[in-house]
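Novice: Got a sequence here, can you model it:
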Amino acid sequence: MDQQKARQEQAGAGLQARGGFGLRGGRGLRAALALALVASGLATGLAPAPLGPAPAAANSLFGQSRYAALLLDAGTGEVLYARQPDAERFPASITKVMTLYLVFERLAAGQIRLDDPVTISAYAASQRPSRLGLKPGQTLSVDQAIRALTTKSANDIAVAIAEHVAGSEAQFARLMTHRARALGMANSRFVNPSGLPDSRQVTTARDIATLSLALIRDFPQYYPYFQQQQFVFQGRAMPNHNHLLRTMPGVDGIKTGFTNAAGFTLAASAVRDGRRLVAVVLGSPTRPGRDANVEALLASGFNVLAARSRGQSVEVADLLAEPADLNDALLSRLVEQGSADPTPRR
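Specialist: Model prediction:
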């Protein structure tokens, strides 16, 4: 009993820290929901069902107009879950996954090297935050530039590496859109390498999942860049914006994003029992809501794969609390819990 009480207190503390229902590891989804609801004062007395997991609250974003999501089995290509997967959205800094895909192509082909110097132009230095903050004429290596993009999500470095590869931001953006089409990203268009707001730069949850899977598949030698916890540059330690790297076992990438127009975005990949899933969430109004939603999608996906291995028939949607499962007052409370968090600008 003491151990059970300790687990309940730990679950409640995790809920309050995240401002939502981020589930860890995917065990006992109904039990996790019960503990989270009790801890937040929203419900009491919800007990596990003997026949398996029931819907789990995932800091539901389904009422948000910009919300789109997709969960993909990387091994089979099966779409395990989708909500508005082909609706046009702004990618924000997830754009940098395409930027890095092109950089990795050039590295693999020997056209550039990790120790090549990248010079900061006046135009690159003028980009809006998030920035590494180098002055025009200063340099860093291609390796350092990659790390600055995967952790700090530095817009000045995104432009600098684009200019290094293609000569100009505009030419690099044309290469991005061309490569997107070749990868099957039929509904994406890129006009800059950073993801800073531009009404012409659009994508979809399905396209971002396609891109994430392609990068993992095509460049396994470079994918570990997305796993690094921080980037230390000139004595400054810059943590990775992808908090799930630190909070959800199995997550090993890949990229977050935020702009006022896009909301909070995240493409994340995780491995469990030799199976890899890729989850994409676009248009969350809060960072905690985004992270909790992605975590619940991944956890539910792994539960579905485990259930299938036991001969059971279950879908990811069966394990998520969607609008029909939760009342409006609860959904509103879930979203509002994260609204007081500082809003990073990157």
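Novice: centre of the chain versus the helix or strand containing Ala160, how much separation?
Specialist: Ala160 belongs to helix 155-166 when assigned by DSSP states H and E. Put simply, helix 155-166 sits 22 Å off its chain's centre (C-alpha atoms, centre = their mean, to the nearest Å).
Novice: Can you tell me how far Thr99 is from Gly195?
Specialist: For Thr99, the distance to Gly195 equals 9 Å [C-beta to C-beta, to the nearest Å]. Where you see a C-beta, it was placed from the backbone N, CA and C, and this is true even at glycine.
Novice: Quick check: bridge partners of Ala279?
Specialist: Beta bridges link Ala279 to Leu71, Ala268, judged by DSSP bridges.
Novice: which residues are in contact with both of Thr99 and Gly195?
Specialist: Between them, Thr99 and Gly195 share these contacting residues under C-beta atoms under 8 Å, 6 or more residues apart in numbering: Ala158.
Novice: confidence score at Gly250?
Specialist: Looking at Gly250, its pLDDT reads 97.
Novice: Neighbours of it, how many?
Specialist: Applying other C-beta atoms under 10 Å, we find 18 residues neighbouring Gly250.
Novice: contacting residues around it?
Specialist: With C-beta under 8 Å, 6+ apart, Gly250 has these contacts: Ala270, Val271, Arg272, Leu298, Phe302.
Novice: Repeat the analysis, applying 6 Å as the threshold.
Specialist: Taking C-beta atoms under 6 Å, 6 or more residues apart in numbering as the criterion, Gly250 is in contact with Ala270, Val271, Arg272.
Novice: How much space separates the closest residue to Phe226 other than its chain neighbours from Arg236?
Specialist: Computed as C-beta to C-beta, 6 or more residues apart in numbering, the closest residue to Phe226 that is not its neighbour in sequence is Gly253, at 3.2 Å. To Arg236, Gly253 is 22 Å away according to C-beta to C-beta.
Novice: okay, these two: which has more neighbours?
Specialist: Gly253 (24 against 11).
Novice: Tell me the bridge partners for that one.
Specialist: Ser269.
Novice: quick one on the thing from earlier: which residues touch the residue nearest to Phe226?
Specialist: Contacts of Gly253 by C-beta under 6 Å, 6+ apart are Phe226, Gln227, Ser269.
Novice: again, but for Glu163
Specialist: Glu163 neighbours (C-beta under 6 Å, 6+ apart): Ser121.
Novice: again, only using 7 Å
Specialist: Residues in contact with Glu163 (C-beta atoms under 7 Å, 6 or more residues apart in numbering) are Ser121, Ala124, Glu169.
Novice: ok, the last one touching Val159?
Specialist: This means Glu169. Yes: between Glu169 and Val159 there is a contact under C-beta atoms under 7 Å: 5.6 Å.
Novice: Which neighbours do these two have in common?
Specialist: Taking C-beta under 7 Å, 6+ apart as the criterion, Glu169 and Val159 both touch Pro193.
Novice: So if I had to pick from the two, which one is more boxed in?
Specialist: Using other C-beta under 10 Å, the more surrounded residue of Glu169 and Val159 is Val159, with 25 against 21.
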